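*Asks:* Quick one, structure for this:
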Amino acid sequence: MKLLLIADGRSPITRRWIRMLQPMEFDINVVTSYPCSAIEGVREIITMPLAFAGMGGSQAGGAARKTSRRTRMISRFRNMAADLRHRMGPWMITRKEKEYHALVNRLKPDLVHALRIPFEGILASLTPEDIPVIVSTWGNDLTFHAESSEAMGAATRRALLRANGLMSDTRRDLRLANSWSFNPAKPSLSVVGNGGIDLAEIEEATRGVGLAIPWQVVNPRGFRSGSVRNDTFFNSIPLIIGHHTDTQFICPWMAGQPEALYWIEKLGIFDNVTLLPMLSQKELWREFARSMVSVSVSVHDGTPNSLLEAMAIGCLPVCGNIESIREWITNEENGLLVDPSDPIALANAVLRGIEDEGLRRSAAARNLEIIRSRAEISAVRRQVAEFYSTVIGR
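*Replies:* Prediction:
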């Protein structure tokens, strides 16, 4: 089968999805919205920048300035850039229809799969009607991006109306998609968006890694505009170290980020916070293995891959109490859920995670069972293969 993926080729999620597909021996081509390096198992990579690509990258590094003015400017620019993409991006994509049709005519795919709606799924909606299209939603596609502007709302509806099948990393989005013009009679599947968790690979990468001393807490999410409440996270730290002075907070994706530097200076927590650059997948797994608690307090989310990885490794998840997270975490059973705007509640939950060894042990055992049954890579591969076949009618 000739499969055309439309995705951000830089993304570890995209690359792990392709890795999951490789044993099925598809002929895979990728349209990437950002320039990227070669991907094993892909015949051809075609770069097609979408919706001012480059303006919305909340994970991009910045100069290490410690002023609140600089922080406000960075935050304001991110918000303005996101607003511009939401208002103008769908229109910019329609201008690529001729280019996209020429590409599809050359590659002649049997199936097109866009790995998210903004903005790859919007491009996929331009696919000629005789070629089946699958659209994936994950993260904030329907709860944030679709509602961000009139243009994004209309483009989201077009993408879901055009789709012959829908995949989502949450059951919530399968329900919400019906109100965004997806026909519930069409095939749909709730499956993790990263292609699944390879438990053997994680075990190999974390072998011999034990809990850090002093105690360690990891925040793996970086800065994500409109989603992750890092203000809540940083404001909780003084409350936590008031009880456990030496606790260390490890923050991948935040090295050089002015917002992180601002909070560290404002709160006087230099000795307790380590800002790291982007980590490789295996490096991040080792940080989970060293940490008692993983913190992710978001107001909009799908199924974060970092949540699944923390669960697989045995690091206690402390998360925002939102619908998508409750699909995986039952409060006080296999993790702790808090109001994502409440630093006191977050501090209390992290302290509970540090101090309650019984909870950590029982949660780790339960979470490993959940990952094996719902998110292990071979199980995901079987579900995806069956779904692809259903959509193309084979």
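
*Asks:* what about Thr32, how many neighbours?
*Replies:* Using other CB atoms under 10 Å, Thr32 has 24 neighbouring residues. (Glycine included, C-beta is placed from N, CA and C.)

*Asks:* which residues touch it?
*Replies:* Contacts for Thr32 (CB atoms under 8 Å, 6 or more residues apart in numbering) come out as 7-10, 14, 45-48.

*Asks:* How about Leu239?
*Replies:* By CB under 8 Å, 6+ apart, the contact list for Leu239 reads 343-344, 347.

*Asks:* Output these as JSON lines; include the columns pLDDT and neighbour count.
*Replies:* Shown next, in JSON lines, are those (pLDDT from 0 to 100; neighbours: other CB atoms under 10 Å):
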{"residue": "Pro343", "pLDDT": "98", "neighbour count": "22"}
{"residue": "Ile344", "pLDDT": "98", "neighbour count": "13"}
{"residue": "Ala347", "pLDDT": "98", "neighbour count": "22"}
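
*Asks:* Please report the confidence value the model assigns to Gly54.
*Replies:* Looking at Gly54, its pLDDT stands at 57.

*Asks:* Same question for Val209.
*Replies:* The per-residue pLDDT reported for Val209 equals 97.

*Asks:* related to what we said a few turns ago, ok, the contacts of Thr32 vs Cys36, which is closest?
*Replies:* Checking these against Cys36 with CB to CB, the nearest one is Gly9 at 3.3 Å.

*Asks:* what's the neighbour count on Met92?
*Replies:* Met92: 16 neighbours (other CB under 10 Å).

*Asks:* doesn't Pro49 make contact with it?
*Replies:* No. Using CB atoms under 8 Å, Met92 is not in contact with Pro49; the gap is 9.1 Å.

*Asks:* At the geometric centre of this structure, which residue sits there?
*Replies:* Pro304 (4.8 Å; CA atoms, centre = their mean).

*Asks:* In helices, which of the contacts of Leu239 appear?
*Replies:* 343-344, 347 (DSSP state H).

*Asks:* Closest to Glu201 out of those?
*Replies:* Ala347 (33.8 Å).

*Asks:* got the domain boundaries for this structure?
*Replies:* 2-195+376-392, 199-374 (automatic domain parsing).

*Asks:* chain center to the longest one, what's the gap?
*Replies:* Between the mean C-alpha point of domain 2-195+376-392 and the mean C-alpha point of its chain there is a distance of 12 Å (CA atoms, centre = their mean, to the nearest Å).
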